[in-house]
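S.K.: The sequence isn't on hand, but the structure is:
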């Protein structure tokens, strides 16, 4: 199954085709101008990608499309736990759109997995994973994810550690990839959106001709990530000989993008750490100079009450104790005293500017229209969110922070050369 989107930049179209639930082909149309680019993808997000270099000007594209896999993402990101992902991108002018659509579909429907390319790509990813084993941020993120994903190893939502990914990669073969593609790849139903100077009916007809008989062998069912509370705990991962360290702090909360408190809470998190003007950056970076950067973000599911408030800071290992103390103090201060009206007004203006700029991109509009079709909504949802942001009061924002963020409950994970930093500080004091 697929959903499609297309956006024009000047004399070209950007198309996006993403596999999801069977829904019947629906369409939305808009008009824009810009620079030439075409992107065409199959998969709700990208796991396997078409290597486009052999497709552009390659004399044998029609018989030997090259499908390669972004192995670094296999099993490590949340997207694989939700759906199998695949993508192809092509650049062309409008005049060459039909030909390049044929190329893209040919690559998807009849892929080949050359053994030499397979081995090269796998070796590249294995090398990358080995390098990540020595990086504080990667190790902290893995420790956080292992604690935060309460699923058994045979569940597709299970977080796969670097060791598990390496084991899986070494077990793969080109034959297994081919069998997987044959068993799962298809385009039974979908959504289609186009933004630009194209004939939408002709483009839909062409896609129907190219993909209409490509039936999906397996039915699609959305795998939801349910809410799981995180333990209140602190874990420090020692990483030898690293100048920088990372501190992550997470709170899982049962809220979705459609929850009545979502807009207010999203603004509260933005005021806490959404930019260089926010509380955390000002306190930890500008005022006390104990962090190179500190930010907070809120990520929420669309259809499940499951969200995470994530805080991360980069620091020198010697500053870990001071940073943890200052971070706790700042969260407690907001919880007690709240934000100011000036902070809210400034952040709201910046957010509304960002949302306007987002709609200036043809690719963004295309993706948004496709998403609307998938979720059975329209641009009214975007407009309603704008209205909610404009209507936010300081009382609503502060109340949402106090309701959903408990200063004393969080999972905190740090990674860095903390022992060496403490030993060095002790030695300095003794001298």
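M.R.: Alright, I've got the coordinates. These numbers come from a predicted model, not from an experiment.

S.K.: Now residue 424: which helix or strand?
M.R.: In the assignment (DSSP states H and E), residue 424 maps to helix 418-430.

S.K.: so where is the stretch 1-150 of the chain shaky, pLDDT-wise?
M.R.: Scanning the stretch 1-150 of the chain with the threshold set as pLDDT under 70 gives 1-98, 100.

S.K.: and with 50 instead?
M.R.: Scanning the stretch 1-150 of the chain for pLDDT under 50 picks out the ranges 1-92.

S.K.: wait, residue 405 sits on residue 330?
M.R.: No - Residue 405 lies out of contact with residue 330 (Cβ atoms under 8 Å); the separation is 11.6 Å. No exception for glycine: its C-beta is placed from N, CA and C like everyone else's.

S.K.: and residue 308, that's in a strand?
M.R.: Yes - per DSSP: H, G, I helix; E, B strand; the rest coil, residue 308 lies within a strand segment.

S.K.: Bridged to it, which residues?
M.R.: residue 252, residue 299 (DSSP bridges).

S.K.: Tell me how far it lies from residue 230.
M.R.: Using Cβ to Cβ, to the nearest Å, residue 308 is found at 8 Å from residue 230.

S.K.: Quickly list what's touching both of the two.
M.R.: Here residue 308 and residue 230 have 148, 250-252 as joint contacts, going by Cβ atoms under 8 Å, 6 or more residues apart in numbering.

S.K.: Taking those residues, tell me the two that lie furthest apart.
M.R.: Distances among the shared contacts of residue 308 and residue 230 were taken as Cβ to Cβ; the most separated pair is 148 and 251, at 10.4 Å.

S.K.: ok, the two, which is more surrounded?
M.R.: The residue with more neighbours, out of residue 148 and residue 251, is residue 251; 20 against 17, by other Cβ atoms under 10 Å.

S.K.: how close does the more buried one get to residue 231?
M.R.: 11 Å.

S.K.: Between these two, which contacts overlap?
M.R.: Each of residue 411 lies in contact with both residue 251 and residue 231 under the rule Cβ under 8 Å, 6+ apart.

S.K.: picking that back up, the helix holding residue 424: which residues count as buried?
M.R.: Within helix 418-430, the residues scored as buried using 16 or more other Cβ atoms under 10 Å are 418, 420-421.

S.K.: ok, residues contacting that helix?
M.R.: By Cβ under 8 Å, 6+ apart, helix 418-430 touches 236, 238, 240-241, 245, 316-318, 320.

S.K.: same thing with stretch 395-404?
M.R.: Stretch 395-404 has contacts (Cβ under 8 Å, 6+ apart) with 251, 253, 255, 261, 264-265, 267-268, 271-272, 309, 334-335, 338-339, 344.

S.K.: got a list of what the residue lying closest to residue 291 once chain neighbours are set aside touches?
M.R.: Leaving aside its sequence neighbours, residue 291 sits nearest to residue 284 (Cβ to Cβ, 6 or more residues apart in numbering; 3.9 Å). With contacts taken as Cβ under 8 Å, 6+ apart, residue 284 has the following neighbours: 290-291, 294, 313, 323, 326-327, 330.

S.K.: Confirm for me that residue 373 is in contact with residue 193.
M.R.: Yes - the criterion here is Cβ under 8 Å, and residue 373 meets it with residue 193 at 6.5 Å.

S.K.: which of those two has more neighbours?
M.R.: Neighbour totals were compared for residue 373 and residue 193, and residue 193 leads with 26 against 23 (other Cβ under 10 Å).

S.K.: where does the more buried one fall, helix, sheet strand or coil?
M.R.: Secondary structure assignment for residue 193 (three-state DSSP): strand.

S.K.: where do the helices sit along the stretch 101-250 of the chain?
M.R.: All helices of the stretch 101-250 of the chain, identified by DSSP state H, counting those that start in this stretch, fall at 115-132, 136-148, 162-171, 174-184, 200-211.

S.K.: Make TSV from those and add distance to residue 222 to it.
M.R.: Below are the helices of the stretch 101-250 of the chain laid out as TSV (distance: least, Cβ to Cβ, whole Å):
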stretch	distance to residue 222
helix 115-132	27
helix 136-148	20
helix 162-171	23
helix 174-184	15
helix 200-211	21
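
S.K.: Select, out of these, the one closest to residue 410.
M.R.: Nearest of these (Cβ to Cβ): helix 136-148, 11.0 Å.

S.K.: angle of that closest one against helix 162-171?
M.R.: If you take axes from the mean of the first three to the mean of the last three Cα atoms, to 10 degrees, helix 136-148 sits at 90 degrees to helix 162-171.

S.K.: any idea how far residue 341 lies from residue 394?
M.R.: From residue 341 to residue 394 the distance is 5 Å (Cβ to Cβ).
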